[in-house]
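Novice: Generate a structure from the sequence data that follows.
(one chain, ligands or ions: 1)
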Amino acid sequence: MNRKIFLDESDIPTHWYNIVADMPNKPQPPINPQTGKPAGPDDLSPIFPMSLIQQEVSSERYIEIPDEVREVYKIWRPTPLYRATGLEKALDTPAKIYYKYEGVSPSGSHKPNTAVAQAYYNKQEGVKSIITETGAGQWGTALAFACSQFDVKCEVYMVRISYDQKPYRKIMMNTFGAEVYPSPSERTQAGRNILAEDPETSGSLGIAISEAIERAVQDDQTKYSLGSVLNHVLLHQTIIGQESLKQLEYAGDYPDVIIAPLGGGSNFAGICFPFLYNNFVNGEKTRYVAVEPASCPKLTQGEFLYDYGDSAGYTPLLPMFTLGHKFKPAAIHAGGLRYHGASVLCSQLLKDELIEAVALQQLECFEAGVTFAKTEGIISAPEATHAVAQVIREAKQAKVEGTEKTILFNMCGHGFVDMQAYEDYFAGKLNDHQFSDNELKEGLKDIIDMQPDL
Ligand SMILES: *Cc1c(COP(=O)(O)O)cnc(C)c1O
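Specialist: Numbers count the residues shown, from 1 in each chain. Okay, the predicted model is just below:
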């Protein structure tokens, strides 16, 4: 039995898969908060290039990947698919466990899959500079790399807590040529407002997004870029699942369950959507499990409402599972999962019960991450340990039930720049966090009143 399955460069997908074409219930439109009407392309054109806006609203099933983008993908794609024989043995499970490893990319996660596409389309439309935010630093690094490939300037607002916890991420971004600022910063009105209220704030993704958008709209040749949540971002990630389909075909297997961590939804969508196609069209019964942190449980405890994507309310209103755009999650180490909402596409699929969600505590996740490192030799990003922990749960359950189920999960990033998190875990400094009803009530209290009349 092969332990890993590689593909050739010629196997890199030629098209992205757009799940909107096949969803039984189409996603509800984004709403312009000023007019209360569906937001059109014009509402988005100050911040995104037109080609990405067209992808955002497209319902075409397949969208061709430009040759220039595939050429850059060749640096690290196709990524390997592994059979986790070491983990299976340690768990003594009858389950077969496979994982797709996205940590081989230049930034160490799945994020360059969309960063490269976004930098390319911006360059095509004459954009000189792209501004973004980053949580754990993965997205900022990916975009910095992508911008360096297409000779575009890159400016990054990095959530304060990660800026302090992960100094090497900043240096990686600098190495790719990006400028990096801790968020909230004094460079924007959104940042100054937050600092005036709470000078010691650890920041949040929502705040950093506000800062980046505010900067991007100030200049015609400057655009904003988002590393998750939006339809076009999820679209670009579908190369993960398409490659996995082919690799599992070579292995002679098909997954009963697919598991991925969910921050905004991009890596989850990336691995799941091409398989969901087979549920929709070919009658497959695969389950899809999104894993979120117990301290930021928008899928399992949030509500499906129209809400802003950022904390200052600069974005259109999006229909999604949310904890409220002002919600500030506890400072857990999985920075990439500390986002208040879930993408519109994943939210609609969850609402329609086509995917499932679980929330896990960080101690269980780090324990799983350590087990995975010892058995498979890969030190996972703290975000990715959430998938591993759920995989271990499913594999143990398979043992109890004596079922030989096939599990596929997304090992969406390595943790080489997150070693402080592991040190804190070993030192007993990490805690579980009980999300309270009060946090939920507080987070949603203003949002329920601002629901648009549809
Ligand atoms: C950004 C990130 C996530 C969360 O974002 P999604 O859009 O939900 O994928 C998860 N894992 C890693 C390694 C990340 O970099």
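Novice: How about the residues of this protein by the ligand?
Specialist: 109, 111, 138-139, 228, 261-268, 336-337, 381, 383-384, 412-413 (CB under 6 Å from any ligand atom). Every residue, glycine included, has its C-beta placed from N, CA and C.
Novice: Out of these, which sit inside strands?
Specialist: Mapping the residues of the chain next to the ligand onto strands (DSSP state E) picks out residue 261.
Novice: So the chain: which segments form each domain?
Specialist: Domain ranges of the chain: 4-8+68-108+232-450, 45-65+110-228, per automatic domain parsing.
Novice: Now that we have the ones you listed, can you turn them into JSON lines and tack on mean pLDDT and mean neighbour count?
Specialist: Shown next, in JSON lines, are the domains of the chain (pLDDT from 0 to 100; neighbours: other CB atoms under 10 Å):
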{"stretch": "domain 4-8+68-108+232-450", "mean pLDDT": "96", "mean neighbour count": "21"}
{"stretch": "domain 45-65+110-228", "mean pLDDT": "95", "mean neighbour count": "22"}
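Novice: Make JSON lines from those domains and add distance to residue 23 to it.
Specialist: As requested, the domains of the chain are exported to JSON lines (distance: least, CB to CB, whole Å):
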{"stretch": "domain 4-8+68-108+232-450", "distance to residue 23": "7"}
{"stretch": "domain 45-65+110-228", "distance to residue 23": "9"}
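Novice: who wins for proximity to residue 19 among the ones you listed?
Specialist: domain 4-8+68-108+232-450 (4.5 Å; CB to CB).
Novice: And the closest one, how far out from the chain middle?
Specialist: Remark: domain 4-8+68-108+232-450 is offset 8 Å from the chain centroid, using CA atoms, centre = their mean, to the nearest Å.
Novice: first to last residue in that domain, what's the distance?
Specialist: 50 Å (CA to CA, to the nearest Å).
Novice: coming back round to it: now, the residues of the chain next to the ligand that are in helices?
Specialist: Here DSSP state H is the test, and the residues of the chain next to the ligand give 138-139, 266-268, 383-384 as lying in helices.
Novice: Kindly reformat those residues as a markdown table and extend each row with distance to residue 256.
Specialist: Below are these laid out as a markdown table (distance: CB to CB, whole Å):
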| residue | distance to residue 256 |
| --- | --- |
| 138 | 29 |
| 139 | 31 |
| 266 | 23 |
| 267 | 20 |
| 268 | 17 |
| 383 | 24 |
| 384 | 21 |
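Novice: In contact with residue 381, which residues are there?
Specialist: Residues in contact with residue 381 (CB atoms under 8 Å, 6 or more residues apart in numbering) are 103, 108-109, 136, 138, 334, 336, 412-415, 418.
Novice: gap between it and residue 67?
Specialist: 30 Å (CB to CB, to the nearest Å).
Novice: now residue 90
Specialist: For residue 90, the distance to residue 67 - CB to CB - is 43 Å.
Novice: OK, contacts around the residue of the chain most remote from its centre?
Specialist: Distance from the C-alpha centroid of the chain peaks at residue 402, with 33.2 Å (CA atoms, centre = their mean). Neighbouring residues of residue 402 by CB under 8 Å, 6+ apart: residue 94.
Novice: what's the answer for the one 10 residues further on, then?
Specialist: Under the criterion of CB under 8 Å, 6+ apart, the neighbours of residue 412 are 102-103, 109-110, 260-261, 267, 381, 383-384, 387.
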